[in-house]
Structure formats: C-alpha cells, structure tokens
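Colleague: coords please:
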Amino acid sequence: MNSLRSIINLKNFSRLNRFSPSTIHNRFPLFSRTNKASIHHSEYSTTTSIQNENIKVWNVYGPSFVNCFVIGSITYIGLHVLWYKLAFIELQQEMENKMNELENKIKCLKKNKKLEN
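Modeller: Numbers count the residues shown, from 1 in each chain. Prediction:
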C-alpha cells in the first residue's frame, strides 16, 4: 500500500516539474535566456531525473524485497529453533535409554556377584 502511495506521489511530483526552465526554453524560445545558470540547471535536472528514476525503482521493489527478506529470515530462524529443540529431545531420549541400559547392566552384575558369593 505504501509503495503505491509513493508511486502516486512521485507521479504528481513529476507533473509539477513539467515547467522547469529547460522545458520553457524548449517550448518558448523567444522568452528564454541562454546563460550559464540555465545550462547548469538543465544538467542538474537531468541528474535529478536519473536519481528520481532510481528512487522510483527502489520505492516499487524495495519494500517487497525487505518483506521477503524479513519473512524468509523469520522462517529460517524459526525452523532452526524447532530443529534444535527436536534434536535435543531426541538426544535426551537416547541418553535416558542408554542410562537405563547401563543401570540394568549394573543390576545384573550385582546379582551375578551375589550368586557367586
């Protein structure tokens, strides 16, 4: 929604800048003055338009990339936390089984020792 608003605002901004000194010079050559200030202004307007085009691209695609990156990062980290938790539960169960097995061996050895004595 914000990207659409920014596009609309940039279109309105470009409509306001239609009558810059360079466009007036091109449309009405009788009223124009050719001095260094107007030449510098036209150079400045071309660099500004290039920068505005770059800003338009970022405003259109930037929020989408940021959203994709944030959602992807949250998903990645969430799945890793879930995987670690499941791996820990599995390891805990294996250790409990091994502990029970060793306790049973100890009990068997105690019984065997009592029988021998």
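
Colleague: could you tell me which ranges of the protein sit under the pLDDT cut-off?
Modeller: 1-54 (pLDDT under 70).

Colleague: which single helix of it contains the most residues?
Modeller: With secondary structure taken from DSSP state H, the chain has its longest helix at helix 36-116.

Colleague: so which elements touch that one?
Modeller: Applying 3 or more Cβ pairs under 8 Å, 6 or more residues apart in numbering; DSSP states H and E, we find helix 36-116 packed against helix 2-16, helix 21-27. Every residue, glycine included, has its C-beta placed from N, CA and C.

Colleague: how far away is residue 113 from residue 76?
Modeller: The spacing between residue 113 and residue 76, counted by Cβ to Cβ, to the nearest Å, is 55 Å.

Colleague: and for residue 61?
Modeller: Taken as Cβ to Cβ, the span from residue 61 to residue 76 is 22 Å.

Colleague: could you do residue 94 as well?
Modeller: 27 Å.

Colleague: same question for residue 116.
Modeller: 60 Å.

Colleague: more crowded one of the two?
Modeller: residue 76 (10 against 6; other Cβ atoms under 10 Å).
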